[in-house]
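[1] Test case, fold it:
(chains A, B, C and D)
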2 protein chains.
Amino acid sequence: MTWIKAPAGEPREKTRMTTFAEAFQRFADQFLPPNLSDAMHLRFQAAARSSQLGRENSLEFGDGGQHIVFVVRGATKLVAHASESRDQIVAFHFAGEVFTVPEPGNHSYSVSALKDCDILSFRWTDFSTLASSEPAVLRRLLETTMQSLRRCRENAIGLGRKTAGERIAVFLLGMAERIGSEQDGRIFLDLPMSRRDIAESLGLTIETVSRQLTKLKEEGVIQTAGRSGVILGARGHLRDRAGFLLEAA
Amino acid sequence: MTWIKAPAGEPREKTRMTTFAEAFQRFADQFLPPNLSDAMHLRFQAAARSSQLGRENSLEFGDGGQHIVFVVRGATKLVAHASESRDQIVAFHFAGEVFTVPEPGNHSYSVSALKDCDILSFRWTDFSTLASSEPAVLRRLLETTMQSLRRCRENAIGLGRKTAGERIAVFLLGMAERIGSEQDGRIFLDLPMSRRDIAESLGLTIETVSRQLTKLKEEGVIQTAGRSGVILGARGHLRDRAGFLLEAA
DNA sequence: CGCCTGCATTGACCTGGATCAAGGCACCTG
DNA sequence: CAGGTGCCTTGATCCAGGTCAATGCAGGCG
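    Got it, this is the predicted structure:
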């Protein structure tokens, strides 16, 4: 695997906070069953590769296969390259999450860092071999994959059928759920991604994202604090703008 | 579960071709490992529910949970309801395929028949319990889910970043791969879905779908035969219009 | 602590595809 | 095989969001 798009030419390592052993331990705690034999534990460890990615560095998997990735620390985007300058962000992932990177086919995929990251990755062929006789690992992986599929489908609904305003509302609600911190009824968000990233995940342009955020601000639904801070008022107001099913409840 | 949108008020059963036992046998042949014990086989059978769906009938899962569906015969669409008259088709599935139907959340999902169908469904809670100690079943399900995820992601790229023309080209190529029949270098497609279905799966309108097909016809890339027949000439010409990565190869 | 750089915002204009509105023609039915 | 019904196609117009073009401003660096 290789690094590309390194803004300063070289991948940064300035805030490396985890050793390989620590990283793997976090993965095991999070993902492997507690009663897994030491032997299997070691075999998984042997299959793992760790990477440190500085902001906007990306990880390309050159071997043409599918991969499993665990985010030890930081936040990532999974980017699909449709053609020159037409990228679509397929998913964001935060510390503690596991996801799969598809093998390149009609489009190629890469994982890149929203902020400094530690990442653990496995070739799918290796991981699959190890997991195949461990039902607990398979269940965990299935659960994770189903979660990704649900998110991807919800996203597809947005991309196919929602207006720009609705997409932004859905995005903010989703992020609030994943990385928001609640404090006396208001939700504080510190978005790790740029406007460009938001736009590329919602199938919009940065200008439209900006205009919609301004609109929400003017209407008093959100407040902003610097480039990355967003404060959501009553969640209901955003939900009303998300184009969800209005439940009779 | 209940049927809705029955065009003639009642679900049709005119061409029921498979008994429950036959249907389950096809599922087992296709999806369960050959060496599965008779006891487990019976438990899976006990968890299965079969449905016959006439064209445009749909299956709603009223119990609020996730479901596993096997298409015994026919072809289905998985529809997400964003709000009144804004449906997004999330996936098409053909005979022999297995897929999951998400539980209703912000949007609700239903499975409906493109043509007369026999279907087998399982509540996820039941299926999951049975499969949890059968690595072979888990692997199969994981494989299926990953396949759905890959398709959903490719679709998301299209919905987010491709033009109407590109989406149609991608759609035709995908269908050619799944249900096309090749004959002296040309591929014959008999599309089971209407223009409306195509539009709802690609995030377009029927008019745009029609115009793009006309354009492809005028340009000699495809020929049409009646409403559902499409003949693709050299596949390369369609690929050129699909907005895929141009590989240096 | 003020300049510099690059993201973010705002404004003016344009366009691909949606919407609205007729026809046309496949396929069914009798 | 004539007549009807519901898709499908085609044409005219509109508009949400894209594109192009400044300007503003946060955060880093000398």
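
[2] Kindly report the residues of chain A close to DNA strand C.
    Within reach of DNA strand C by Cβ under 7 Å from any atom of the strand, chain A has these residues: A:194-196, A:206-207, A:209-211, A:213-214, A:224, A:227. For every residue, glycine as well, the C-beta is placed using N, CA and C.

[3] let's go with 10 Å and repeat that
    A:7, A:55-56, A:160-161, A:163, A:191, A:193-199, A:205-215, A:217-218, A:224, A:226-228, A:230 (Cβ under 10 Å from any atom of the strand).

[4] Report the buried members of these.
    Neighbour-count burial (16 or more other Cβ atoms under 10 Å in any protein chain shown) applied to the residues of chain A next to DNA strand C gives A:55-56, A:160-161, A:191, A:193-195, A:197-199, A:208-209, A:212-213, A:230.

[5] Among those residues, which ones are in strands?
    Using DSSP state E, the subset of these located in strands is A:Val230.

[6] mind listing which of the buried ones among the residues of chain A next to DNA strand C are in helices?
    Per DSSP state H, helices hold the following members of those: A:160-161, A:195, A:197-199, A:208-209, A:212-213.

[7] Flag every residue of chain A that's near DNA strand D.
    By Cβ under 10 Å from any atom of the strand, the residues of chain A that approach DNA strand D are A:8, A:85-86, A:162-168, A:199, A:202-212, A:224-229.

[8] still on that earlier bit, grab the two from the buried ones among the residues of chain A next to DNA strand C that are most spread out in space.
    Using Cβ to Cβ, the pair of these lying farthest apart is A:Arg55 and A:Arg161, separated by 33.3 Å.

[9] What residue spans form the domains of chain A?
    In terms of domains, chain A is parsed into A:2-159, A:162-240 (source: automatic domain parsing).

[10] right, is the last one up against chain B?
    Yes - applying Cβ under 8 Å from any Cβ of the partner chain, one finds domain A:162-240 in contact with chain B at A:162, A:170, A:200-203.

[11] Among those residues, find me the one that's closest to DNA strand D.
    DNA strand D lies nearest to A:Gly203 out of the residues of domain A:162-240 next to chain B, by Cβ to the nearest atom of the strand, at 6.1 Å.

[12] excluding its backbone neighbours, what's nearest that closest one?
    B:Gly160 (3.3 Å; Cβ to Cβ, 6 or more residues apart in numbering or on different chains).

[13] A:Lys77 too?
    A:Ile89 (4.9 Å).

[14] now A:Ser108
    A:His81 (5.0 Å).

[15] did I read that right, the one you found in a helix?
    No - assessed with DSSP: H, G, I helix; E, B strand; the rest coil, A:His81 is strand; it does not lie in a helix.

[16] If you count neighbours, what's buried in stretch A:19-27?
    For stretch A:19-27, the neighbour count (16+ other Cβ under 10 Å) marks A:23-24, A:26-27 as buried.

[17] Contacts for that stretch next, please.
    With contact meaning Cβ atoms under 8 Å, 6 or more residues apart in numbering or on different chains, stretch A:19-27 is reached by A:18, A:44-45, A:48, A:50, A:70, A:72, A:96, A:118, A:120.

[18] One more: stretch A:30-44?
    A:24, A:28, A:70, A:96, A:98, A:122, A:127, A:130, A:134, A:136-137, A:140.
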